[in-house]
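Participant: give me coordinates for this.
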Amino acid sequence: MGDRKNQNIPGRINARRKGSKMYAIFQKIILFIILLAVFVCSPFVQNAGHTEEHGDDRPLSAQPGPTMTGNEDSQGLLSLERCIEIALANNPEIAAAKWDISAADSRLDSARSAFWPQVSAEGNYQRYSDAQRLIAARYNGEPGTFDKNLLRSDLVARLNLFAGGRMVSETSAAGKLSTAEKKKFIRTRDELTYTITSVYFSILGQQKLLDSLDFSRKALENVLCCF
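Facilitator: Numbers count the residues shown, from 1 in each chain. Below is the predicted model:
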């Protein structure tokens, strides 16, 4: 019996070495699959959400506004530029449109994040009334380690390899929504600018009309003084 046990020891060592080599190869295969999936999904992340835009696609802060002159005239009155600046800073629709753009961009980032791997750390603690084997036996008669307290920790990596086009469609929809919100903001800003400009020049026209009536009144008074 003793000789048989001694003869089985080299076989057990070789089995353990083969098991370690297979585990290392399996880890390399999993890592290769993850890297390959990330490389394949990268073009989708960059292209998803990209929509064809017509017109001015520069950032909102870089887009030119209407042509305006100085802030105040010689009489201390507000200029057209200052009136539009105050209206854009205090209009509630402009503020709401900016928040809608921010929310749409956040939804686009959230949709793009589905393409990337997810890494999480997990832990678990269990206590048993009877001692439990820590490592499962690989052959009959293998000595094991037993304990009542079991503590487990795992590092988990997840990657969506195929979802039937759902992630690409969601990212594209989020990108189009973000573009629509930006176009909506530009339209609201232009409408407000047009309204302020129209009212401003209407007030200037009324002032010129009042000056004309005042000049006519003075001319009539001078004519009446001559008689």
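
Participant: any chance you could map the helices in the chain?
Facilitator: 2-47, 80-90, 92-112, 166-226 (DSSP state H).

Participant: quick check: angle from the last one to helix 92-112?
Facilitator: Direction vectors for helix 166-226 and helix 92-112, defined by axes from the mean of the first three to the mean of the last three C-alpha atoms, to 10 degrees, enclose an angle of 170 degrees.

Participant: flag the shaky bits of this structure, pLDDT-wise.
Facilitator: 1-76, 227 (pLDDT under 70).

Participant: mind naming the longest strand for it?
Facilitator: Longest strand of the chain, by residue count under DSSP state E: strand 118-133.

Participant: show residues contacting that strand.
Facilitator: 144-159 (C-beta atoms under 8 Å, 6 or more residues apart in numbering). In this view, the C-beta of every residue, glycine as well, is placed from N, C-alpha and C.

Participant: which of those residues are buried?
Facilitator: Neighbour-count burial (16 or more other C-beta atoms under 10 Å) is assigned to none of these.

Participant: from those, pick the one nearest L108.
Facilitator: L159 (20.6 Å; C-beta to C-beta).

Participant: might one say that that closest one is in contact with M167?
Facilitator: No: the criterion here is C-beta atoms under 8 Å, and L159 misses it with M167 at 11.6 Å.

Participant: so how far is A137 from S129?
Facilitator: 21 Å (C-beta to C-beta, to the nearest Å).

Participant: and for A173?
Facilitator: Taking C-beta to C-beta as the measure, A173 falls 53 Å from A137.

Participant: between those two, tell me which one has more neighbours.
Facilitator: More crowded of A173 and A137, by other C-beta atoms under 10 Å: A173, with 16 against 10.

Participant: report how many residues lie close to the closest residue to the more buried one other than its chain neighbours.
Facilitator: Setting aside the residues directly before and after it, A173 is nearest to A111 in space (C-beta to C-beta, 6 or more residues apart in numbering), at 7.7 Å. A111 has 22 neighbours, counted by other C-beta under 10 Å.

Participant: what does D100 give?
Facilitator: 17.

Participant: which residue is the nearest non-sequential neighbour of it?
Facilitator: Nearest one to D100, counting by C-beta to C-beta, 6+ apart, is E181 at 4.8 Å.

Participant: same check on E93?
Facilitator: T188 (5.4 Å).
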